Structures are given as structure tokens and as C-alpha cells.
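Chemist: Return atomic coordinates for the entry below.
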Amino acid sequence: MRKTQMVTDRELEIMKVLWARGRASVREVQEDLNKMAGPVAYSTVQTLLNIMEEKKGLVRHVVEGRTFVYIPKKTSERTIGELTRRFVDRVFDGALDRVMVALLGSKSPTPEELDRLREMIDEARNQAPKSADDTAGSRDTK
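Modeler: Numbering: from 1, shown residues only. Okay, here's the model as predicted:
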């Protein structure tokens, strides 16, 4: 099984088109990209889809008549999760606190976003397995 590699901005735009549509021909992807991101040549989209299939394993294709129709291999949630983990590991050496410092330093969160972050941290804390120190400490309290 191949690791999900980092994707370029244009490849991510293509993936968003495919996730939204479920499946699309090169022409359909090109038309959607032209609407959302500006002009892009048909041959460029075709080349990128070939790379995304053959080298990165992000998409697969089926042939309908004479048309190649591309389908994402994974859901957006799974792909984004894999890309995020890889990014955090490569850029921040896996340190989530450093990621959060960088994110909070780049954009001030709204009060609603801060509330949601607190909820997510509380959920993660409740789901995290107890460490050996936590369980030992609770037994030794007399």
C-alpha cells in the first residue's frame, strides 16, 4: 500500500472537484477548475490526473466509451487526515502543541472557534487511554 504523498495546490483543487462530483471526466474537471480557480488547459488536467493515478495513487479511472472517468480512491476525510498527519510529522516532528501555536499565531480564532477547540480537546482527553502513571497514581492514594 502506497503512502499518500503531499499534493500540489492544483492537485488538491482537482481532488475537491472529484469529491464533490464523485466521478468526472477530464473535461468536467477542467470546466469546474476554470470556474473556481481560473483558466487551466485540458492537457494540464489530463497530465495531473495521470500523475495522481500512476505516481500518487489518489485516483483511479474507468473507461466509458472513449472517455476516461476519474474517481477518487479515498474519501476527503481520509485523504485530508493522512496528508495532515504527514505534514505534522514532517514539519513539526509530530508535536501537536507546536502545530496549535503556529495555527493560533497565523489567525485569531473567533470566540466560537475557541469554544469548539475546547470541546475537541475535552473529547480527546476523555478518549485518550490512561497512562501508567495515571493508573498507578489512582491506586496509591490512601
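Chemist: which residues touch the residue nearest the centre of the chain?
Modeler: By C-alpha atoms, centre = their mean, the mean C-alpha position of the chain lies nearest to residue 80, the distance being 1.3 Å. Going by C-beta atoms under 8 Å, 6 or more residues apart in numbering, residue 80 touches no other residue. All C-beta atoms are positioned from the backbone trio N, CA, C, and that covers glycine.
Chemist: hang on, isn't residue 14 packed against residue 51?
Modeler: No: using C-beta atoms under 8 Å as the test, residue 14 is too far from residue 51 to be in contact (10.2 Å).
Chemist: out of the two, which sits in the busier spot?
Modeler: Legend: neighbour count by other C-beta atoms under 10 Å for residue 14 and residue 51, higher for residue 14 (28 against 15).
Chemist: From residue 121, how far out is the more buried one?
Modeler: Shown here: residue 14 relative to residue 121, a distance of 34 Å by C-beta to C-beta, to the nearest Å.
Chemist: Which SSE is immediately downstream of the one helix or strand residue 89 maps to?
Modeler: Residue 89 belongs to helix 76-92 when assigned by DSSP states H and E. Later in the chain than helix 76-92, the nearest helix or strand by DSSP H and E is helix 96-106.
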